[in-house]
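Novice: sequence-free structure coming up:
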């Protein structure tokens, strides 16, 4: 049995816990700017149709007495650490997949803590008693169903899908609930009249592969209750990114260049702090009409220098033919690995020597920032930028 623990409205719940005046009120955690987006909405706010990633001005239109609270990522990360310590007490096989959710394999733990349901309740009670926060727990024989189950009875819920219930549950599971099914995929599903995961079995593998690529084979496996993925105790994050919503829509190259530089500095600092390097850089742009694009590049060598990340991100940006003003800019990296991973030695002079020199400079700056604060030293070109960083822009890991 696998458990998926998902905190309820995590950021907003912490703010309501710490400030009694916010309890039972519609609260969102976001930046102060009207152009910011909702990082988390309390369940009182969700009753008005407010959701994560919604622009704040739209949220205020839906609820005229909405309370907006600035985010405090350091506080949320500290609470996350406490939660993961509680969960790991019940099983060493724990995989944290985001700041507020984790998988736990409880195989062999029944003799210590009881049945799967009893373990789920014990985790919920421990978190609530120690931290005054609620979570929802999903329990299932396979990983992807555990995640779906945790979302079924929010907030403060517990859903247990037993082994003999899996077949019927899958047969009736709405296809849009399956992880990885987005809007474009749903359009094809509607054409094929696939409404539930069970409907997948009406089609052959060649047809599904033709329509959905590699996802087709995965869908067949899931529709038959097969999910080979396991709880990864040595889980490493797959990406680090930083984005910001601008005070106003812009088209000016120099301003966007400075914003990309600022986001690259943030991503590089996070990489080095976690002793990681990346092999892929991407940028994300959201336009004035809320449409968005991403562009990425696979690198020849691993990097963690902020300057190297900036150069790659800027090169990606220069290839885009802008037709609309930009509302949001993001920079990110993927294909992460430990910085100490052995690499093949060069027989000729290292062409990336300059990048390595910049890594040394960045490391020195990191040390100063760690001691005196991130604003004590920064690029001269960033000194005139005046935009607000959203709480949801701190970093996104997948």
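Specialist: Sure thing, it's come through. All of these numbers come straight from a predicted model, not from anything done at the bench. Numbers count the residues shown, from 1 in each chain.

Novice: beyond the helix or strand harbouring residue 278, next helix or strand please.
Specialist: Assigned by DSSP states H and E, residue 278 belongs to strand 276-287. Heading C-terminal from strand 276-287, the first helix or strand you meet, by DSSP H and E, is strand 292-303.

Novice: note down every partner strand of that next one and its orientation.
Specialist: Sheet pairing of strand 292-303 (DSSP bridges) gives strand 276-287 (antiparallel).

Novice: pLDDT (mean, whole number) over the strand it pairs with?
Specialist: Averaging pLDDT along strand 276-287 yields 94.

Novice: roughly how far out does that strand sit from the chain middle?
Specialist: Distance of strand 276-287 from its chain centroid, counting by C-alpha atoms, centre = their mean, to the nearest Å, is 14 Å.

Novice: using the three-state scheme, assign residue 336.
Specialist: strand (DSSP: H, G, I helix; E, B strand; the rest coil).

Novice: and the residue nearest to it when sequence neighbours are not counted, how many residues sit next to it?
Specialist: Nearest residue to residue 336 in three dimensions, chain neighbours excluded: residue 276, at 4.9 Å (C-beta to C-beta, 6 or more residues apart in numbering). All C-beta spots, glycine's among them, are computed from the backbone N, C-alpha and C. Per other C-beta atoms under 10 Å, the neighbour tally for residue 276 reads 19.

Novice: what sits opposite residue 276 in the beta ladder?
Specialist: residue 338.

Novice: what about it, distance to residue 337?
Specialist: Distance of residue 276 to residue 337, computed by C-beta to C-beta, to the nearest Å: 7 Å.

Novice: for residue 175, what are its contacts?
Specialist: Contacts here follow C-beta atoms under 8 Å, 6 or more residues apart in numbering; on that basis residue 175 touches 181, 186, 189, 194, 195, 196, 197, 199, 200.

Novice: do the same with residue 173
Specialist: Residue 173 touches 148, 196, 197, 198, counting by C-beta under 8 Å, 6+ apart.

Novice: let's go with 10 Å and repeat that
Specialist: Counting by C-beta atoms under 10 Å, 6 or more residues apart in numbering, residue 173 touches 145, 148, 195, 196, 197, 198, 199, 222, 223.

Novice: okay, buried residues for whichever strand or helix holds residue 244 please.
Specialist: Using DSSP H and E, residue 244 sits in strand 239-250. Using 16 or more other C-beta atoms under 10 Å as the burial criterion, the residues of strand 239-250 that qualify are 239, 240, 241, 242, 243, 244, 245, 246, 250.

Novice: now do the next helix or strand after it against strand 239-250, angle only.
Specialist: Counting by DSSP H and E, the next helix or strand C-terminal to strand 239-250 is helix 253-273. Orientation check (axes from the mean of the first three to the mean of the last three C-alpha atoms, to 10 degrees): helix 253-273 against strand 239-250 gives 160 degrees.

Novice: tell me which other helices or strands helix 253-273 touches.
Specialist: If you count contacts as 3 or more C-beta pairs under 10 Å, 6 or more residues apart in numbering; DSSP states H and E, helix 253-273 packs onto strand 239-250, strand 276-287, helix 306-318, strand 326-338, helix 353-372.

Novice: wouldn't the residue nearest to residue 336 be in contact with residue 269 here?
Specialist: No. With contact defined as C-beta atoms under 10 Å, residue 276 does not count as touching residue 269 (11.4 Å).

Novice: list the buried ones in stretch 281-298?
Specialist: Buried residues in stretch 281-298 (16+ other C-beta under 10 Å): 281, 282, 283, 284, 285, 286, 287, 296.

Novice: related to what we said a few turns ago, name the residues contacting each of residue 276 and residue 269.
Specialist: Taking C-beta under 10 Å, 6+ apart as the contact rule, residue 276 and residue 269 both touch 240, 304.

Novice: using JSON lines, lay out the helices and strands packed on helix 253-273 together with distance to residue 63.
Specialist: Formatted as JSON lines, the helices and strands packed on helix 253-273 follow (distance: least, C-beta to C-beta, whole Å):
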{"stretch": "strand 239-250", "distance to residue 63": "20"}
{"stretch": "strand 276-287", "distance to residue 63": "23"}
{"stretch": "helix 306-318", "distance to residue 63": "36"}
{"stretch": "strand 326-338", "distance to residue 63": "23"}
{"stretch": "helix 353-372", "distance to residue 63": "38"}
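
Novice: worst average pLDDT in the ones you listed?
Specialist: helix 353-372 (a mean of 55).

Novice: look up how far residue 316 lies from residue 299.
Specialist: Going from residue 299 to residue 316 by C-beta to C-beta gives 12 Å.

Novice: okay, these two: which has more neighbours?
Specialist: residue 316 (19 against 16).
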